[in-house]
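Peer 1: kindly generate the corresponding structure for this input.
(chains A and B)
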Amino acid sequence: MTSRRSFLTGCAALSAAVATPELVRAAVLDRVAHDWSLATRDVEADVSRHAMTRLHGRAPAGLEGTLFRNGPAKFRRPGGSVTHWFDGDGLMRAFRVSDGAATMEARFADTPKRRWESELDAMVTPGFGTVGDARAKVGSNDDANAANTAVMAVGDKVWALWEGGSPMAMDGATLATEGFVTLRDDLKGMPFQAHPRVDPDGTIWNVGTNGDMAVIWALRPDGGLIDGRMLKLPRASYMHDFTATDRHLVFVLQPWVFARNTMPFSARLDWRPEMGTLVAVVDKGDLSTTRTYELPPFSHFHLGDAWEEADGTIRFDVPAGEDVQFGVDGARVLVEGKGRVPGAPSLLSMVTLRPDGRAGFERTDVTAEFVSADPRRRGLRRSLTVHVTGERGDRPLATGLAVRDWNSGRSDVFDFGDGHVMEEALFVPKPGRTAERDAWLVVPSINLAAARTELHVLDAARVSDGPVVSWRGDVALPAGFHGTWKG
Amino acid sequence: MKTLIAAALLLAAPTAAVAQDPGKITFEFETARAEGAVMVALFDSAEAYGGGAPVATKQAPVGAHGAVVTFENLPAGDYAMRSFHDVNGDGEMNVNPFGMPTEPYAFSNNAVGNMGPAGWDRAAFRVEGAVTQAIELK
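Peer 2: Numbers count the residues shown, from 1 in each chain, chains lettered A, B, ... in the order given. Prediction:
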């Protein structure tokens, strides 16, 4: 006979399991992988070069070159997995467009991290959001280098860039890994971040940070070192990107500040909106003087190319967030592929820094990430920004792309719909043309229904017309982060 | 019976010889460059390895085939080794402005740490008789 006590215990257990509609919805969301989870799928092996199938349209005459892209593509192994989008192994992609046809290939950066984790068949290395475990072998920062964030083309090489370590050189023709780049013996292992900025004369600027200390890199267009100088920043803040005019380096120091020394990396940081955002402007020729500006608090990963007006006013665009939920938790849910990704989408915004010390920050209502601009106007006045768009609170990742005209305040948008995850779009100038709109936009997407990666070309002057040509590859690669076009 | 005793003695002989021989450890260093010197420190306890005094230190010039360093007359026991390749010959392990070594370094067992130098648990090895380790200093 069932005792009263065990009956009550049973009731308690039962009531805990009573399902409200909210709980049912949450449970379903938690358990069913979303279609967008292809964006963080695992790639098990290098993808050999193959012809992409033309779906519609024609490749524009004169569009010849290679879109190199980098991004994480291996997250899970039987013995352990990374738990954050930023921590997967870097996969270098090459989309080569020639004679009206396109090919696609991809090869993993052969890093010490990937070698050790392949041997273990477990991902054990601590990262931006991954705790890692005791099997990790991290004797120096490059032992944790995932080489997974961006790519820079120098000569016939491409450098796979990460945030906390050295560039990893790969062969541009075969994508074979050659090894970490040491720019000067005494600067071996100094971080070389993922977002170099290029002067109108081709000089490459970059930064590497450790708390409030930064190394400022200046390189020749062939990748040779001009100089590596140290700079103290006015705040120890998480900085994924910086920007530059033709004369100045601009550091946007969000109120996501270093508070403790621990791993994963993101656990070192506290979001302190009451501190506001600080901007430091430094002369490229003389790092000793820093002008600072104060802005309202916003979070960001990426910045647009900056420019300077005749009176010294500096402007640049930024996809600005309200907080750091995406960076801390959202990017974790993206790897889980199920559940709701927290964090509101970033909004395209414009920062103005005036010579008298006043600073302005204006948000548009356009959701945006992965901003880029005309490479003919790097560091110079421009009016256009291309960016991905269409991300919503209930659905992460972008579904479209847009060109914003800052003069007219209008956006020219094309939405591929929920069936696509859009990646970063790049401006490719039309040969022999100089106007800012005389460019193509080259952009890959993941076609979720077809489960294939596609490559699209749009005319920068008529984005809303949609692609002038689209090709489809044989596989779906997970979403990449950043690329570069080599004509 | 006599045969059995002889066989037992034969078997025992090598063990006895090892127990009486002083320990010897040879490190064969492979380096990326044929210049400078290899600087080596040997420790006989976790405490010493963690910041105390080494039982012995040696340095050896690096030639075309790397460098070989031998420590002899060691009591049987557990040891660990720290080394670096002093490429520019200034006697110091050079570091970059953020404090990371810019010259190659290695630990016994080719052990690698986890967010820092390899600990005693990874680098310690047993010395009884003659031991050789090939160490990669790259």
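
Peer 1: any idea how far B:T26 is from the residue nearest the centre of chain B?
Peer 2: Taking CA atoms, centre = their mean as the criterion, B:M81 is the residue nearest the geometric centre of chain B, at 4.5 Å. Going from B:M81 to B:T26 by CB to CB, to the nearest Å gives 11 Å. Glycine gets a C-beta too; all of them are placed from N, C-alpha and C.

Peer 1: please apply the same query to A:D270.
Peer 2: For A:D270 relative to B:T26 (CB to CB), the value is 51 Å.

Peer 1: now swap in A:A306 and tell me
Peer 2: Between A:A306 and B:T26 the computed distance is 59 Å (CB to CB).

Peer 1: ok, the closest residue to A:M230 other than its chain neighbours - how many residues close by?
Peer 2: Using CB to CB, 6 or more residues apart in numbering or on different chains and skipping the chain neighbours, the partner closest in space to A:M230 is B:P97 (5.5 Å). For B:P97, the count of nearby residues is 17 (other CB atoms under 10 Å in any protein chain shown).

Peer 1: in three-state terms, label B:P97 for me.
Peer 2: For B:P97, the assignment made with DSSP: H, G, I helix; E, B strand; the rest coil gives coil.

Peer 1: who's in contact with it?
Peer 2: A:187, A:190, A:213, A:215, A:230 (CB atoms under 8 Å, 6 or more residues apart in numbering or on different chains).

Peer 1: start to end distance for stretch A:392-411?
Peer 2: 17 Å (CA to CA, to the nearest Å).

Peer 1: do you know the pLDDT at the residue nearest to A:M230?
Peer 2: Looking at B:P97, its pLDDT reads 97.

Peer 1: between A:A306 and B:T26, which one's more packed in?
Peer 2: Counted by other CB under 10 Å, A:A306 and B:T26 do not tie: A:A306 has more neighbours, with 27 against 14.

Peer 1: quick one, helices of chain B?
Peer 2: B:2-20, B:46-49, B:120-123 (DSSP state H).

Peer 1: nope, chain A is what I was after
Peer 2: For chain A, the helices defined by DSSP H cover A:4-16, A:21-31, A:112-120, A:325, A:331-336.

Peer 1: now the shortest one: average pLDDT?
Peer 2: Throughout helix A:325, pLDDT has a mean value of 95.

Peer 1: that one: how far from the chain's middle?
Peer 2: Between the centre of helix A:325 and the centre of its host chain there is 16 Å, according to CA atoms, centre = their mean, to the nearest Å.

Peer 1: ok, now stretch A:465-483?
Peer 2: Using CA atoms, centre = their mean, the offset of stretch A:465-483 from its chain centre is 16 Å.

Peer 1: can you check stretch A:101-112 too?
Peer 2: Worked out by CA atoms, centre = their mean, stretch A:101-112 lies 18 Å from the chain centre.

Peer 1: is chain B contacted by it?
Peer 2: No - between stretch A:101-112 and chain B, judged by CB under 8 Å from any CB of the partner chain, nothing touches; the nearest distance is 8.7 Å.

Peer 1: next one: stretch A:258-267
Peer 2: Yes - for a cut-off given as CB under 8 Å from any CB, stretch A:258-267 has contacts with chain B, namely A:M263.

Peer 1: tell me which residues in that stretch are buried?
Peer 2: Neighbour counts over stretch A:258-267 (16 or more other CB atoms under 10 Å in any protein chain shown) mark A:258, A:263-267 as buried.

Peer 1: just give the nearest non-adjacent residue to A:Q325, would you?
Peer 2: Distances taken as CB to CB, 6+ apart put A:G343 closest to A:Q325, at 3.5 Å, once the chain neighbours are dropped.

Peer 1: sorry, back to before: biggest separation within the contacts of B:P97, which pair?
Peer 2: Farthest pair in the contacts of B:P97 (CB to CB) is A:L187 and A:M213. Separation: 13.2 Å.

Peer 1: for these two, indicate the residue with more neighbours.
Peer 2: Taking neighbours as other CB under 10 Å, A:L187 and A:M213 compare with A:L187 leading, 21 against 14.

Peer 1: which ones are touching the residue in the stretch 251-400 of chain A positioned nearest to chain B?
Peer 2: Of all residues in the stretch 251-400 of chain A, A:M263 sits closest to chain B, at 6.5 Å by CB to the nearest CB. By CB under 8 Å, 6+ apart, the contact set of A:M263 is A:126, A:131-132, B:115.

Peer 1: for it, what are phi and psi?
Peer 2: The phi/psi pair for A:M263 (degrees, to the nearest 10) reads phi -130, psi 150.

Peer 1: can I get the contacts of B:P97 in JSON lines including pLDDT and distance to A:V250?
Peer 2: Listed next are the contacts of B:P97 as JSON lines, based on pLDDT from 0 to 100; distance: CB to CB, whole Å:
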{"residue": "A:L187", "pLDDT": "98", "distance to A:V250": "23"}
{"residue": "A:M190", "pLDDT": "98", "distance to A:V250": "21"}
{"residue": "A:M213", "pLDDT": "98", "distance to A:V250": "18"}
{"residue": "A:V215", "pLDDT": "98", "distance to A:V250": "17"}
{"residue": "A:M230", "pLDDT": "97", "distance to A:V250": "18"}
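
Peer 1: ok, so of these, who is nearest A:L278?
Peer 2: Closest approach between the contacts of B:P97 and A:L278, by CB to CB: A:M213, at 15.8 Å.

Peer 1: could you check how far the closest one is from A:H50?
Peer 2: From A:M213 to A:H50 the distance is 45 Å (CB to CB).

Peer 1: ok, now B:P97?
Peer 2: Separation of B:P97 from A:H50 (CB to CB): 45 Å.

Peer 1: that older thread, give me the lowest-pLDDT entry from the contacts of A:M263.
Peer 2: B:M115 (87).

Peer 1: wait, what's in contact with it?
Peer 2: Taking CB under 8 Å, 6+ apart, one finds A:126, A:136, A:138, A:263 in contact with B:M115.

Peer 1: report the beta-bridge partners for A:R315.
Peer 2: Here A:R315 sits in beta bridges with A:W307, A:T352, as judged by DSSP bridges.

Peer 1: now it: how far from A:R382?
Peer 2: With CB to CB as the criterion, A:R315 and A:R382 are 10 Å apart.

Peer 1: hey, what's in contact with both of the two?
Peer 2: A:W307.

Peer 1: where does the prediction get shaky in the stretch 1-150 of chain A?
Peer 2: For the stretch 1-150 of chain A, applying pLDDT under 70 flags the ranges A:1-31.

Peer 1: show me what from it comes close to chain B.
Peer 2: Residues of the stretch 1-150 of chain A lying near chain B (CB under 8 Å from any CB): A:126, A:132, A:134, A:136-141, A:143.

Peer 1: so which of these wins on neighbours?
Peer 2: Most surrounded of the residues of the stretch 1-150 of chain A next to chain B: other CB under 10 Å gives A:A136, at 26 neighbours.

Peer 1: I'd say that one and B:N114 touch.
Peer 2: Yes - proximity of A:A136 to B:N114 meets the contact threshold set by CB atoms under 8 Å, at 4.7 Å.

Peer 1: helices and strands of chain B: which one bottoms out on pLDDT?
Peer 2: Least confident element among the helices and strands of chain B, by mean pLDDT, DSSP states H and E: helix B:2-20 (a mean of 45).

Peer 1: and the strands in the stretch 51-200 of chain A, which stretches?
Peer 2: A:53-57, A:65-72, A:76-77, A:80-81, A:90-98, A:101-108, A:150-154, A:157-161, A:168-171, A:177-180, A:197-198 (DSSP state E, counting those that start in this stretch).
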